[in-house]
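1. Got a sequence here, can you build the structure:
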Amino acid sequence: MTGRTLLQALAGGSLAALLSAAPAAAQNRTYLDVSGALGYSTNPDLSLVGRSSAYGRVSANGYHSWGGERSNTSLSAYVENSYYFRRLSNRQLFSLNAFNTTRVSETTRLYGGLSFSGDFGAQLSSRFFVAPTDPNPTDGTDPVIPPSVVVLVSPDLVALSQRQYRVSGSGGGEFRLSPVDTLVASVGAQHVFYGGNNQALLDSTQYDGALGYQRQLSERLSLGGRLIGTRTDYSLGRGITSYGAQLTVSAQLAELLSLTAAAGLTRTEQDFGNLGGKTSGTDLALDASLCRTLEFERFCLRAARRAQGVAFGVAPTSTSASLDYSRRLGAKDQVQASFAYVTTDAASRLFTTKQSFYSASGSYDRSITDRLSAGVSASVRKLSIAGNDPKTDVGGSLFIRNRFGSVR
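-> Below you'll find the model as predicted:
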């Protein structure tokens, strides 16, 4: 998990592609990485009264995949426990995911996914536990199918400074109407809930969907459009409804370098329920991603801007960007890096001010044997709130990791 998880999709938002060609037979793969680390963090919870502390951490990252000519399925799980010596307490984080893609016929492909995560202070944004990528790289001409579930860490202090849980599911399909025309659709739902005394006001449930059309103009370029819609419900009768349309483009700029982008308008209607009042407005909805996957190097840059519901039940305009990068330097060592940024404009209701969240992290590891490796990691996280910012979290660790099952 990297900054990609932090900014993974705004409702019908950030872009991803499903393959139009039938997938090659997938290799079954199973492994479990168990790691131990010693490190230091200046404000792990990003709280106003945050205390620095050395820590010991134990984590496990498991992955299992299987498939054939028509269907591929993967399961992944990351769990960790950190013990902070200064405050004599433990903190647990986890992320569980399942995904399937199935070629029903020569013209129809379906996909579905489930996820469940538990976070605290957006710490998962600085962890590296990316599952193996699809062995069939996107060719840039495939229809844009947006992940349908919003997975955006809200920079609200009351949300970041306590435990956050997220359960989500999404599904969709690609339907070839002709050799150059494709219809794409997706639906999703998620429930976000929090620990602590404020959970009744912060919990939310969201439903969303997208319907799009794409036409292939050449081997490297496709154009189209899509309709998107989202409904988010909060306590006390509060709700946010957003709907709109976007033009989409998908282009293969170079070998294994793909660009996807969308631009349009969305209408957002906010109902404050028992608190009284309603507001509405129209805003730009912009999304883009630029990704490249090579045998020994991968990177993906994503950006988005649109009205986005946050934990307090308001929908200010949010701007987000993320960069994920990894490179194998040689037969035994590799580097990984990620950056994520989210900012929300001030909202006139519920005293919501402009807020920003930044996260940057990197790691280096070197294999000692085929299964044992060691390395170093570092991260910086910053929450900016007008008038009273929590202390920036700066941390780092030394770790050792052993793999069980399939070797790299």
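
2. in its sheet, what does the helix or strand containing Asn61 sit against?
-> Applying DSSP states H and E as the criterion places Asn61 in strand 53-67. Using DSSP bridges, strand 53-67 pairs in its sheet with strand 29-41 (antiparallel), strand 71-84 (antiparallel).

3. So what pairs up with Asp333 in the strands?
-> Note on Asp333: beta-bridge partners Arg366, judged by DSSP bridges.

4. Could you check how many residues crowd around it?
-> Neighbour count of Asp333, defined by other Cβ atoms under 10 Å: 14. For the C-beta atoms, the positions are set from N, CA and C on the backbone; glycine is no exception.

5. Equivalent analysis for the one 4 residues further on, please.
-> When neighbours are counted by other Cβ under 10 Å, Ala337 registers 19.

6. Regarding it, what is its secondary structure?
-> At Ala337, secondary structure determined by DSSP: H, G, I helix; E, B strand; the rest coil is strand.

7. Contact partners for it?
-> Residues in contact with Ala337 (Cβ atoms under 8 Å, 6 or more residues apart in numbering) are 323-326, 360-363.

8. Go through those residues and flag which are in strands.
-> 323-326, 360-363 (DSSP state E).

9. quick one on the thing from earlier: please identify the most buried of the strands paired with strand 53-67.
-> With neighbours taken as mean count of other Cβ atoms under 10 Å, the strands paired with strand 53-67 reach their highest mean count in strand 71-84, at a mean of 18.

10. Remind me what the helix or strand following that one packs against, helices and strands.
-> The helix or strand immediately downstream of strand 71-84 is strand 89-103, counting by DSSP H and E. Here strand 89-103 touches strand 71-84, strand 108-120, going by 3 or more Cβ pairs under 8 Å, 6 or more residues apart in numbering; DSSP states H and E.

11. Turn those into TSV, including distance to Val180 and mean pLDDT.
-> Formatted as TSV, the helices and strands packed on strand 89-103 follow (distance: least, Cβ to Cβ, whole Å; pLDDT from 0 to 100):
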stretch	distance to Val180	mean pLDDT
strand 71-84	26	94
strand 108-120	16	93
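
12. Any chance of a markdown table for those strands, columns distance to Gly62?
-> Below are the helices and strands packed on strand 89-103 laid out as a markdown table (distance: least, Cβ to Cβ, whole Å):
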| stretch | distance to Gly62 |
| --- | --- |
| strand 71-84 | 5 |
| strand 108-120 | 14 |
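
13. What ranges does the chain have for its helices?
-> Applying DSSP state H to the chain gives helices spanning 3-6, 157-160, 199-202.

14. Could you measure from the residue located most distally from the centre of the chain over to Ser65?
-> Distance from the C-alpha centroid of the chain peaks at Gly276, with 33.3 Å (Cα atoms, centre = their mean). As for Gly276, its distance to Ser65 is 51 Å (criterion: Cβ to Cβ, to the nearest Å).
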